[in-house]
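[1] Provided below for reference: sequence and predicted model.
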Amino acid sequence: RPDLSPLIGASTTVGKVISKGDIVVYESTVYPGVTEEECLPIVEKVSGLTYNVDFYAGYSPERINPGDKEHTVEKIKKVNKREIVEGITEEYAQRRVEMLLDYAKKHSPYYKNYQDAQDITEFPVMTKMKYNENMDEVLCDTFRDRKDSLFRLKTSGSTGAPFTVLCDGDKMNRVNMNFISFMELNGFRMGMKRGEFRVWIPGKNVISKWKSFKNNLIMIDISNMGDDALADICEKIRKDRIQVLVAYSSALTVLADYLKRKKVAIRKWDVEMVFAMGEALPQKTYDLIREIFGFSAVRSYGNNENGFLACQVGEEDRYTVDLYNFYIEMLSLDSDEPVKPGELGRIVVTDFYNKAFPMIRYDTGDTGIYQEVTDEKGRKHGYFTEIYGRRGSMMYNCKGEPLSIHVFMNVLINMEGIVHQAKCIQWEKKRYELLLNADRTRVNEDEVVASYRKYLGEEAQIDVTYVDEIPIEASGKRMVCVQKCQAYL
């Protein structure tokens, strides 16, 4: 066992002088868990203050060798690759799970009903609806008297039930840290100005000018993505010298199509990175971004409730999962039994670090294919090789076989300029509705239907409904397919 006496001594000293509102930052080469499990309890005991209430803490992995003129601070990325890229040990995963389960059984009224449960599989799988029904019971006792001071992570409910997760300051810091870490792994530098594409709503998610300035964040509203609005967005990107574009895949698809169609000159732009969130980025859009900007977009996977769970690193096709902060299970589509490695399943997440609102076995509503591998050093790595999206957008052909969301993103690839938008809705096992925003003087409806039938099956009944616009959801996403068949929900 490592000698932690210097850190213990330093923590004791800090505890004697710390004041309310102070931040303690540890910078030392230690194994995972030392800061929270060994050091901070000492600071709390000596000071009489409460962590994340009266004072805060952070961990700063060593990144420089003092006096080294070659490996300077500017040349070394501040990302703990052990946490994201270099994997974890099996002992670490088991320890984090056990600590979380013990904590939840002790402090959460809901989980106090599971005192006899010893393994995570003995805990219930939780959906958004279950959390909404048991919100007060899941919230831990230690945070009940300061509920109003907790952070709120909200999902709009565009693809399911609206849901708000309460979280403490440590969890909120980890959400922000993961976002930056995933970007740094792909070339992001602290201080780069980023533009975030969202439906920015005053009084709901619009941030102050000071916070925008402090975080180098420019709000880019996408409530309207018509050509006039896109022209204004492009001018804002140029004028504000935005270096990183952060957007849902659907918004990036619209933007990339506009840049190509209008032959927009971007030589005076400062954009160095495109970071895709939310639903899967179509291969066509991925290739188009590389053609326009000269570099590939970064694909990520996550949700508002947990934060960023995984991202592509470099040009890899797979998504590297953050196993340091999350435990992943893949369960059957129609039961809570685990699927075999490489099989399609529901993505179920356990969040190690939300002490206010324990999220144990949270069914994200997403589906995908997951694999874990152990390297020669005995460290475990997790990868999503395919992410299909939410069950609410998981489509099936007439044979009951699942279809990748990429099918619906790329099916009309040869009808640019004729079909502007399309959304496929599955109402029954063999009945579908196709919403089309198209040039009705040029569109060949039989050809469009045939393109979908190729994937849905010859027996598919496809009804076409023409619309003037398929709006972006409140979340900033534009859904290309929606599942309404009760047999698949």
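    Sure thing, it's come through.

[2] when you work out contacts or count neighbours from here on, use the C-alpha atoms and nothing else.
    Will do.

[3] I'd say E137 and S108 touch.
    Yes: the criterion here is Cα atoms under 8 Å, and E137 meets it with S108 at 6.7 Å.

[4] tell me which of these two has more neighbours.
    S108 (22 against 15; other Cα atoms under 10 Å).

[5] run through the residues that contact that one.
    137-141, 358 (Cα atoms under 8 Å, 6 or more residues apart in numbering).

[6] flag every buried residue along the helix or strand harbouring A450.
    Using DSSP states H and E, A450 sits within helix 445-456. Judged by neighbour count using 16 or more other Cα atoms under 10 Å, the buried positions of helix 445-456 are 448-449, 452-453, 455-456.

[7] and what of stretch 22-32?
    24, 26.

[8] as PDB, could you dump the C-alpha coordinates of that stretch?
    Only the C-alpha atoms of stretch 22-32 are listed here, as PDB (Å, rounded to 0.1, in the frame of the first residue of the first chain):
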ATOM      1  CA  ASP A  22     -12.300  27.800  -0.500                       C
ATOM      2  CA  ILE A  23     -11.200  25.400  -3.100                       C
ATOM      3  CA  VAL A  24      -8.600  22.700  -2.400                       C
ATOM      4  CA  VAL A  25      -6.700  21.300  -5.400                       C
ATOM      5  CA  TYR A  26      -4.600  18.200  -5.000                       C
ATOM      6  CA  GLU A  27      -1.800  17.600  -7.500                       C
ATOM      7  CA  SER A  28       0.000  14.400  -6.800                       C
ATOM      8  CA  THR A  29       0.600  11.000  -8.500                       C
ATOM      9  CA  VAL A  30      -1.900   8.800  -6.600                       C
ATOM     10  CA  TYR A  31      -4.200   5.900  -7.400                       C
ATOM     11  CA  PRO A  32      -7.900   6.700  -8.200                       C
END
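
[9] just how off-centre is that stretch within its chain?
    26 Å (Cα atoms, centre = their mean, to the nearest Å).

[10] circling back to that earlier point, sort out which of the contacts of S108 are buried, if you could.
    By 16+ other Cα under 10 Å, these give 138-141, 358 as buried.

[11] going by residue numbers, what spans are helices in the chain?
    Ranges of helices in the chain, per DSSP state H, are 5-17, 34, 40-47, 81-84, 90-107, 128-133, 135-138, 169-184, 209-214, 227-239, 249-261, 283-293, 405-410, 445-456.

[12] low pLDDT regions in the stretch 1-150 of the chain?
    For the stretch 1-150 of the chain, residues meeting the criterion pLDDT under 70 lie at 1, 31-32, 60-83.

[13] rerun that using 90 as the cut-off
    1-4, 20-23, 25-38, 50-89, 91-92, 118, 127-133, 142, 144-149 (pLDDT under 90).

[14] tell me which residue is most central in the chain.
    G302 (1.7 Å; Cα atoms, centre = their mean).

[15] what's opposite it in the beta bridge?
    F308 (DSSP bridges).

[16] that one and G48: what is the separation?
    37 Å (Cα to Cα, to the nearest Å).

[17] how about T142?
    T142 is 16 Å from G48, by Cα to Cα.

[18] again with A57
    15 Å.

[19] swap in A93?
    31 Å.

[20] higher neighbour count, these two?
    A93 (17 against 13).

[21] so that one touches D322, yeah?
    No: with contact defined as Cα under 8 Å, A93 and D322 do not form a contacting pair (11.6 Å).

[22] quick one on the thing from earlier: ok, the residue nearest to the centre of the chain touching G278?
    Yes: using Cα under 8 Å, G302 is in contact with G278, at 6.7 Å.

[23] quick one on the thing from earlier: turn the buried ones among the contacts of S108 into JSON lines, columns for distance to I218.
    Conversion of those to JSON lines gives the following (distance: Cα to Cα, whole Å):
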{"residue": "V138", "distance to I218": "35"}
{"residue": "L139", "distance to I218": "34"}
{"residue": "C140", "distance to I218": "35"}
{"residue": "D141", "distance to I218": "38"}
{"residue": "P358", "distance to I218": "32"}
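
[24] output the longest strand belonging to this protein.
    strand 362-374 (DSSP state E).

[25] about what we covered before: as CSV, the helices of the chain with distance to Q312 would be great.
    Below are those laid out as CSV (distance: least, Cα to Cα, whole Å):
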stretch, distance to Q312
helix 5-17, 36
helix 34, 29
helix 40-47, 34
helix 81-84, 11
helix 90-107, 22
helix 128-133, 27
helix 135-138, 33
helix 169-184, 8
helix 209-214, 27
helix 227-239, 25
helix 249-261, 14
helix 283-293, 13
helix 405-410, 17
helix 445-456, 27
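
[26] can you tell which of the ones you listed is closest to F384?
    helix 81-84 (13.6 Å; Cα to Cα).

[27] quick one: contacts for the residue nearest to the centre of the chain?
    Each residue near G302 by Cα under 8 Å, 6+ apart is listed here: 277-278, 308-310.

[28] if you set the cut-off to 10 Å instead, what comes out?
    Shown in contact with G302 (Cα atoms under 10 Å, 6 or more residues apart in numbering): 179, 277-279, 308-311, 321, 364, 366.

[29] and it, how close does it get to E372?
    Taking Cα to Cα, one finds G302 at 18 Å from E372.

[30] what of K106?
    31 Å.

[31] ok, now which ones touch the residue lying closest to R194 once chain neighbours are set aside?
    Nearest residue to R194, sequence neighbours excluded (Cα to Cα, 6 or more residues apart in numbering): V244, at 4.3 Å. By Cα under 10 Å, 6+ apart, V244 lies in contact with 183, 188, 192-196, 217-218, 237, 270-275.

[32] farthest-apart pair in those residues, please.
    Pairwise distances across those (Cα to Cα) peak at 19.0 Å, for the pair M183 and I237.

[33] neighbours around V467, how many?
    12.

[34] right, and it touches V419 too?
    No: using Cα atoms under 10 Å, V467 makes no contact with V419, being 11.2 Å away.

[35] next, show the common contact partners of the two.
    Both V467 and V419 are in contact with 436-438, where contact means Cα under 10 Å, 6+ apart.

[36] and the residues you listed, which is closest to D463?
    L436 (10.5 Å).

[37] count the neighbours of that closest one for me.
    Neighbours of L436 (other Cα under 10 Å): 23.

[38] before we move on, what about V349?
    If we define neighbours as other Cα under 10 Å, then V349 has 21 of them.

[39] show the pLDDT at it.
    According to the prediction, V349 has pLDDT 97.

[40] for E459, see how far away V43 is.
    68 Å.

[41] neighbour count winner among those two?
    V43 (25 against 12).

[42] show the contacting residues for that one.
    Taking Cα under 10 Å, 6+ apart as the test, what V43 contacts is 8, 10-18, 24, 49-51, 55.

[43] quick one on the thing from earlier: shared neighbours of E137 and S108, which are they?
    F357.

[44] ok, the residue nearest to A422 when sequence neighbours are not counted - contacts?
    The shortest distance from A422 to any non-neighbouring residue, by Cα to Cα, 6+ apart, is to L436 (4.7 Å). By Cα under 10 Å, 6+ apart, the contact list for L436 reads 419-424, 443, 445, 448, 464-470.

[45] list just the nearest of those residues to V480.
    Distances from V480 to the contacts of L436, taken by Cα to Cα, are shortest for K423, at 4.4 Å.

[46] which pLDDT value goes with the residue nearest to the closest one when sequence neighbours are not counted?
    Nearest residue to K423 in three dimensions, chain neighbours excluded: V480, at 4.4 Å (Cα to Cα, 6+ apart). At V480, the model reports a pLDDT of 79.
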